[in-house]
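Asks: Okay, structure incoming, though there's no sequence with it:
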């Protein structure tokens, strides 16, 4: 029987070994891109008083592109 400390260490090693692969999978998934665009567009619309819709989209894209996801 393994103790909780050994189990925790094993899980940490698995996490560390797969984080880059997971990060790449998330970045290349269209659902992630769509979610980020939906959330940033919604944020801009609700919080930043830009009247022109094209400028709202441009700002949302700029904000979305500056968000980074990283593996630890």
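Replies: Okay, I see it. The shown structure was predicted, so the numbers you read here are calculated from the model rather than taken from an experiment.

Asks: rest of the way, CA atoms for contacts and neighbours
Replies: Noted.

Asks: what residue ranges in this protein score low on pLDDT?
Replies: For the chain, residues meeting the criterion pLDDT under 70 lie at 1, 71-72.

Asks: can you pull the contacts of residue 69?
Replies: Taking CA atoms under 8 Å, 6 or more residues apart in numbering, we find residue 69 in contact with residue 23.

Asks: Look at residue 50 and give its secondary structure.
Replies: coil (DSSP: H, G, I helix; E, B strand; the rest coil).

Asks: what's the nearest residue to it if we skip its chain neighbours?
Replies: In this structure, residue 50 finds its nearest non-sequential neighbour in residue 56, 6.0 Å apart by CA to CA, 6 or more residues apart in numbering.

Asks: which residues touch the helix or strand that contains that neighbour?
Replies: According to DSSP states H and E, residue 56 maps onto helix 53-65. With contact meaning CA under 8 Å, 6+ apart, helix 53-65 is reached by 36, 37, 40, 41, 44, 45, 50.

Asks: Compute the number of surrounding residues for residue 47.
Replies: 9 (other CA atoms under 10 Å).

Asks: next one: residue 6
Replies: So residue 6, with other CA under 10 Å, has 10 neighbours.
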